[in-house]
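Participant: No sequence on hand, only this structure:
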DNA sequence: CTGAAAGCGCTTACAG
DNA sequence: CTGAAAGCGCTTACAG
């Protein structure tokens, strides 16, 4: 591929002049035209890696998320990507599969590739690489989850109030045997949803014995497994809350397979709302996160930090309970 | 951030030696240790952009898809990302929103960033930039869709047989008023699905008048709009086929909103299978693409081409009709 | 407005 | 095994 020198020679100018034509310096109209014509003839494309080396900025951002297959992250990714593109940044995508090892590898690569900033939803609450990144001065934004001890703004939805509200709703319906399919408690979101569920139940005089807390990993298969286990209990729950959309999918598939009727024989609700929840019979009661607003906030934040305009503060929005038809009074009393 | 010179000075060796330690040249055990210790102390991370400039390879691939929110592309992206990572490549993600302009901008950026290869599902059947990329010698593989005239392998599922089979199935059920919610006919997949649907109907003596061909853009909202239009027809169809998953979602929402009962009052089928189709009542009859195998094929291919081992041939797999419960005899004869 | 030159941080023949 | 030196393709003070 043609280089800036080829173009300079072809146009009869210096490489500095060619650089100015593409970089936006002052160049006379005639010269500019000759340079453009020459670069057209040669099919010249400025080499962004040479430029990045020189100006010490890659115009590239890293986005590290646990799972592209999760519609929540997919929607956030879309928003981030959109805002990044608009501001002239590219996005390197990293899918960690909730695996801290993979996450560590990705962070190393992003560091070596000298990305200008990183948006990350960390797999676990601790990460040595994140501390290194902080030291290296690379702007970081946490998405949905964060790790303590790292000075970086967080963009997330707080689900505690909505989960408490859900528990109240279930209690009001008459449920006393509540179960949760929890995410990993060591993640912020996993821990928060579990704790507010448990606390909400306790406050209402409802005990949730350990056997009715089933731990999953936020992925679909673990949701199915958890539901299978809950259904086999000597005293199965009358209402189950899945702590994210993917585990809800697995749990619903399992209910289907087992022929358990919702909400007649089992009430069900999910954290995260997904478009197809409304199409199910009954439509699924869920806790919706303001995804679009989250994505936009994250997307705006990173370029701001990169360009050093300011240190933005965290953005914490509220998740909302959306009552639909998947919960009813226990004991077939629907 | 520390550079290779800092490490060299700290370890009392030349930069060449430091480079060899990280690049895998022959270095004595003692020297290696001193270099590693020094780089540890300084928190050194090799600068991949300098390396890329020097070796003329970025170890970065571009992935350009029409829509991250489409579970099909999301699954393919995941497979590509996985295989890329395993082979030491990063992935720059580009979301075109089916917009040829956005696609063109992305391709320019990828070209300037000197990615080692590009996997793309083009928005339209023609693209001047793709020709330039070919000239530039950047390896390309087409995913799902391709543009004629560009010499690059394609990885896709051929849906023609399955669509024909679906039409036969519907005809066998007694349907004579067939409708299709088609994708843009100028895309390979849009055109192919529409044509095989029309041809299958014709061959069975069923005419599909123009008013029963509703064009969408492969996105959800267009599916809803199309279904709304079909329902308002003086002679509405008795069976509707949506040409992809997102338009199917929109169409199903519209059927729901209009209170049309499936399959009693309307038979419905979709191209693309999605996990939640099985959870609907009735479960949706669909044409499934072998996504995992497609993703794996694409993922394997690109690094192979980049490393110049060979020019792989195209991979065309077959889509499969999965009959479930959303189609029945017309006229409430379910 | 334009050009010569230094330098961004690496890798890699070449020599020893 | 180790080092000195050239060069990858740019940008940007500095001088004219």
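Facilitator: Right, received. Where do you want to start? The model shown is predicted, which means the values in this text are computed figures rather than measured ones.
Participant: State the number of residues packed around residue A:293.
Facilitator: For residue A:293, the number of neighbouring residues by other Cβ atoms under 10 Å in any protein chain shown comes to 14. Yep, even glycine has a C-beta here, placed from its N, CA and C like the rest.
Participant: same question, the one 5 residues further on
Facilitator: By the criterion of other Cβ under 10 Å, residue A:298 has 26 neighbours.
Participant: these two touch, right, it and residue A:144?
Facilitator: No. Counting by Cβ atoms under 8 Å, residue A:298 does not reach residue A:144; the two are 9.0 Å apart.
Participant: Can you check which residues contact both of these two?
Facilitator: By Cβ atoms under 8 Å, 6 or more residues apart in numbering or on different chains, residue A:298 and residue A:144 have these common neighbours: A:76, A:155.
Participant: State the phi and psi torsions of residue A:321.
Facilitator: Main-chain torsions, residue A:321, degrees, to the nearest 10: phi -80, psi 130.
Participant: who are the neighbours in contact with it?
Facilitator: Going by Cβ under 8 Å, 6+ apart, residue A:321 touches A:162, A:165, A:166, A:169, A:285, A:286, A:287.
Participant: Also residue A:229?
Facilitator: Here residue A:229 is in contact with residue A:214 (Cβ under 8 Å, 6+ apart).
Participant: who touches residue A:322 in this structure?
Facilitator: A:273, A:285, A:286, A:287, A:288.
Participant: Residue A:121 and residue A:191: what is the separation?
Facilitator: 14 Å (Cβ to Cβ, to the nearest Å).
Participant: Neighbour count for these two, which is higher?
Facilitator: residue A:121 (29 against 16).
Participant: Confirm for me that that one is in contact with residue A:67.
Facilitator: No. Using Cβ under 8 Å, residue A:121 is not in contact with residue A:67; the gap is 9.1 Å.
Participant: what do these two both touch?
Facilitator: With Cβ under 8 Å, 6+ apart as the test, residue A:121 and residue A:67 both reach residue A:73.
Participant: so residue A:38 sits right up against residue A:10, yeah?
Facilitator: Yes. With contact defined as Cβ under 8 Å, residue A:38 counts as touching residue A:10 (3.9 Å).
Participant: the more surrounded of the two?
Facilitator: Neighbour comparison, residue A:38 and residue A:10: the larger count goes to residue A:38, with 21 against 18 (by other Cβ under 10 Å).
Participant: OK, contacts around the more buried one?
Facilitator: Counting by Cβ under 8 Å, 6+ apart, residue A:38 has contacts A:7, A:10, A:11, A:44.
Participant: Could you pull up phi and psi at it?
Facilitator: When quoted as degrees, to the nearest 10, the phi and psi of residue A:38 stand at phi -60, psi -40.
Participant: The contacts of residue A:38 in helices, which ones?
Facilitator: Among the contacts of residue A:38, the members falling in helices (DSSP state H) are A:7, A:10, A:11.
Participant: How much space separates residue A:156 from chain B?
Facilitator: 20 Å (Cβ to the nearest Cβ, to the nearest Å).
Participant: From residue A:183, how far off is the residue lying closest to that residue once chain neighbours are set aside?
Facilitator: On the basis of Cβ to Cβ, 6 or more residues apart in numbering or on different chains, the spatially nearest residue to residue A:156 that is not a chain neighbour turns out to be residue A:144, at 5.1 Å. Between residue A:144 and residue A:183 the distance is 11 Å, computed by Cβ to Cβ.
Participant: So these two - more neighbours on which side?
Facilitator: Using other Cβ under 10 Å, the more surrounded residue of residue A:144 and residue A:183 is residue A:183, with 29 against 23.
Participant: That one and residue A:189 touch, don't they?
Facilitator: Yes. Counting by Cβ under 8 Å, residue A:183 does reach residue A:189; the two are 6.4 Å apart.
Participant: shared neighbours, these two?
Facilitator: Residues touching both residue A:183 and residue A:189 by Cβ under 8 Å, 6+ apart: A:243, A:244.
Participant: quick one: secondary structure of residue A:317?
Facilitator: Secondary structure, DSSP: H, G, I helix; E, B strand; the rest coil: residue A:317 is strand.
Participant: Wait, residue A:26 touches residue A:20, no?
Facilitator: Yes. Look at residue A:26 against residue A:20 with Cβ under 8 Å: they come within range, at 7.0 Å.
Participant: between the two, which one's more packed in?
Facilitator: Between residue A:26 and residue A:20, counted using other Cβ under 10 Å, the more crowded position is residue A:20 (17 against 6).
Participant: quick one: pLDDT of that one?
Facilitator: Per-residue pLDDT puts residue A:20 at 94.
Participant: Next, it: phi, psi?
Facilitator: phi -70, psi -40.
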